[in-house]
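> coords below, sequence missing:
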C-alpha cells in the first residue's frame, strides 16, 4: 500500500471507529485487507467489540490464539493418530509420491497395516468389503487425480450399497494446482461429487484434524456412504498445531433414527387386518444386524419372507433355511402375487436394470416401506405407510407393539399353512431344475451353486461378483446369517476380488469364498497378488464360461434370437489360463471340469488356509 493510500485509510478508519463508538454498536464487520485489519486492531478493544472478518482479512494470528500447544511434526502423523482413534486397522491404497507422510507414519503405528494394491478399483472395493463385514467406516487412500479417476467405479458401488468409506485423496501442493502440471487438475472434487455424500479440500494445515473427523462423521450419518477428503501435499507435510475450539466426535457414533410412533401403530394395525402379509427382508436388515428380529416378526405375523432381487442384493437380509423364506422378490414368485400387504424392510423398491413390463407391486396390494434413506421411500411406488428410520430400531418397535396387542396365534397359524404350500412348490421346482442340470454333459451354474451350498456353514462368507450367474446365486445359494453374502452393487466389474480381501481382513475368523466370473476377474486380477503378498487366505472361485455372457444375452435380446445364433462379436474370452495366471502371482490353483469335483475342491481349498484359486469350467451356453 502506498503512503498516500495508507494516510487516507488511517483517516477513514479513525472516523469510522469514532462513528461506531458514538452509535454504541455491539459488533463491527470488517471488509478489507491485512493493513486495514491491523489498524482496526489498534482501535478496537476486545471488551467492546466482537470482531468478525470477511474477504481479504487475515485472522491467522487470532486463530492461533485459540489453538492448544499440541504440535504434530506433520500431517501424516496427525492422520495416523486420528485413524487409530477411529479403530482403523487397515489402509488400502495404490499410492504415488504425494502420500509419503501418511505411509511412513502408518508403518510406525502399532496395529495398523498398509495394504498395497497395484490398481485403485480393487483397493476401494477392499475398503467397501471391510466396511460391510465390520459395520464400521474404513479408509482407502488414492493418489492425485489419476488415482481418484481409477477408483470412481468402485466409489459408485460403495454409494449404492451405503458403505461408509472415507476416501483420502492426496494431491499436488497448492502452488502447483493452477499450473496444469502432471497429475493435477483444477476441479478435483467434481470428479466424484455425484458418487459421494460429502467432499472437501483441506485449505490450511490447522484444519486437517477437523476436516478428517468431519469426513468420518458424514460417512456414518444415515444414510451412510462414501466421503472424499482432498489433502494438498504441502498441507500434509506441514507442521500442524491441533486443538480446535470446536467439539467434534473423535470416535464412531451410532446415529440411529426412528420412525414416528404414530406411523408404526398404523403399520401394526394394517398388518393385523390383512389376509396375506409378505416381508421383503432387504439389505438394510443385514447392515443393521437384525435377521433374528425379522425372523421373530415373521413368526408373530405368520408372514412369508422374500429377499431382494439380484439387482439390490448387497447384503444378506434373511436365512434361506428359515421356515418362512420364499425366495427372491419378483412377480414370478406366487407368494408375491398372493400378498395383500407388503412390508419392505431396508429394501430398495426397486433398483432397476430395465423398465418393468408391469408394476412391481401387485395391483391392490398395500405397501409399508421402511428405509433409513428417505429418498428411497416413495421413489417409484407410493407407500401407504412410510417408516423412515434404522431397520433394527423399526423392527424392535414393531415387535413391541405387536406383542403388546395380544395373542395372534390362530391368525398366524392360518397364514403359516399357506407359506408351507409356497415353500413346497418352490422346493419342488428347484429339485426339478437341479435334476435336469445334472443330466447335462457340461457343468451348469445351478449345479455349481448347489455344490458350493454344501460347504456354506454359518462361518463362511460368499463375496459375489458375477453379472449373469448371480441370478442363480441369489436364488439358490444357502445363506445363514448377516455375514453369509455380499454382492456387488452397481454393475462395476472387478469389485469382488478386492472386496473379498477386505472382508477377510475385517473378519479374519471367517472362511471367505470370492465367487467371480472370468470377465470380472480380469477387472480385479491385481487382488490375487495382494492376497499372496499379505498372506490373506481367500478362495477365489472363477466361473469360466469363456466369455462375457451378459453381452451374449444382450445380443440375443436385441436380435430377437432364441439361442440359435453362435456369432457373438466382442464376447469371446476363450484361451485364457486363469490357473497359470494365479501361479504367476505365487498362488496355488486348480481347474475343475467335472461336477463331482467341485465340492471336495472347495473344501480342500478352504482347509489350506491360504490364498487359492479354483477355475470351474462352465457350459458357455448356460446364461
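Yes, it's here. The structure presented is a predicted model; accordingly, all values stated were derived computationally and were not measured.
> Pull out the buried positions in stretch 108-128.
Under the neighbour-count criterion of 16 or more other C-beta atoms under 10 Å, stretch 108-128 has 109, 112, 114-117, 119-128 buried. The C-beta positions use only the backbone N, C-alpha and C, and glycine is treated the same way.
> how far out from the middle of the chain is it?
Mean C-alpha position of stretch 108-128 versus that of the full chain (C-alpha atoms, centre = their mean, to the nearest Å) differs by 16 Å.
> what does the average pLDDT come to for it?
Model confidence over stretch 108-128, given as mean pLDDT, is 96.
> what about it, how long is it end to end?
Distance across stretch 108-128, first residue to last, is 25 Å (C-alpha to C-alpha, to the nearest Å).
> which ones among the buried residues of stretch 108-128 are found in helices?
120-128 (DSSP state H).
> for these, which one is nearest residue 260?
Among those, residue 128 lies closest to residue 260 (C-beta to C-beta), at 32.2 Å.
> The closest one touches residue 502, doesn't it?
Yes - the pair residue 128 and residue 502 passes the contact test of C-beta atoms under 8 Å, sitting 6.5 Å apart.
> okay, and the common contacts of those two?
residue 138 (C-beta atoms under 8 Å, 6 or more residues apart in numbering).
> Now render the ones in helices among the buried residues of stretch 108-128 as TSV, adding distance to residue 327.
Listed next are those as TSV, based on distance: C-beta to C-beta, whole Å:
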residue	distance to residue 327
120	37
121	32
122	32
123	35
124	32
125	28
126	31
127	32
128	27
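> Measure how buried residue 508 is and give me the count.
Residue 508 is flanked by 10 other residues according to other C-beta atoms under 10 Å.
> Let the chain start at 4 from now.
Happy to do that; since the first residue is 4 now, the last one works out to residue 511.
> on that earlier part again, which pair of the buried residues of stretch 111-131 spans the longest distance?
Spatial extent of the buried residues of stretch 111-131 (C-beta to C-beta) is set by the pair 112 and 124 at 26.3 Å.
> And the buried residues of stretch 111-131, which is closest to residue 593?
Nearest to residue 593 among these, with distances taken as C-beta to C-beta, is residue 125, at 23.1 Å.
> For the closest residue in space to residue 428 that isn't next to it in sequence, what are phi and psi?
Leaving aside its chain neighbours, residue 428 sits nearest to residue 337 (6.7 Å; criterion: C-beta to C-beta, 6 or more residues apart in numbering). Backbone torsions of residue 337, given as degrees, to the nearest 10, read phi -60, psi -30.
> If you tally nearby residues, what's the number for residue 337?
14.
> Likewise for the one 5 residues further on?
As a burial measure, residue 342 scores 27 neighbours (other C-beta under 10 Å).
> just residue 448 next, same as before
Residue 448 sits with 24 neighbouring residues when counted by other C-beta under 10 Å.
> State the distance from residue 622 to residue 572.
With distances taken as C-beta to C-beta, to the nearest Å, residue 622 is found 21 Å from residue 572.
> now swap in residue 249 and tell me
59 Å.
> pLDDT weak spots in the protein?
Scanning the chain with the threshold set as pLDDT under 70 gives 4-73, 246-247, 410-412, 560-571.
> repeat that with 50
Flagging of the chain using pLDDT under 50 yields the residue ranges 4-10, 38, 46-69.
> how much space is there between the residue nearest in space to the middle of the chain and residue 232?
In the chain, the centroid-proximal residue (C-alpha atoms, centre = their mean) is residue 166; its distance is 2.4 Å. Remark: distance between residue 166 and residue 232 (C-beta to C-beta) = 16 Å.
> Quick check: residue 433 touching residue 481?
No - between residue 433 and residue 481 there is no contact under C-beta under 8 Å: 11.8 Å.
> List the buried residues of stretch 438-455.
440, 445-455.
> Could you identify the most distant pair in those residues?
Every pair of the buried residues of stretch 438-455 checked by C-beta to C-beta; the farthest is 445 and 455, at 17.3 Å.
> any chance of the buried residues of stretch 438-455 in CSV, plus secondary structure and distance to residue 288?
Output for these, formatted as CSV (DSSP: H, G, I helix; E, B strand; the rest coil; distance: C-beta to C-beta, whole Å):
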residue, secondary structure, distance to residue 288
440, helix, 30
445, coil, 37
446, coil, 33
447, coil, 31
448, helix, 26
449, helix, 26
450, helix, 29
451, helix, 27
452, helix, 22
453, helix, 25
454, helix, 27
455, helix, 23
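> Please dump those into CSV; it should also carry distance to residue 161 for every row.
Shown next, in CSV, are the buried residues of stretch 438-455 (distance: C-beta to C-beta, whole Å):
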residue, distance to residue 161
440, 35
445, 36
446, 33
447, 33
448, 27
449, 30
450, 33
451, 28
452, 26
453, 31
454, 31
455, 26
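> hang on, the earlier thing: from the buried residues of stretch 111-131, which is closest to residue 514?
residue 129 (17.8 Å).
> where's the closest one relative to residue 235, distance?
Between residue 129 and residue 235 the computed distance is 25 Å (C-beta to C-beta).
> ok, now residue 580?
Applying C-beta to C-beta, the value for residue 580 to residue 235 is 45 Å.
> So for those two, which residue has more residues nearby?
Ranked by neighbour count (other C-beta under 10 Å), residue 580 and residue 235 place residue 235 first, with 24 against 12.
> can you pull the contacts of the residue nearest to the more buried one when sequence neighbours are not counted?
The spatially closest residue to residue 235, leaving aside those adjacent along the chain, is residue 177, at 4.7 Å (C-beta to C-beta, 6+ apart). Residue 177 makes contact with 235, 237-238 under the criterion C-beta under 8 Å, 6+ apart.
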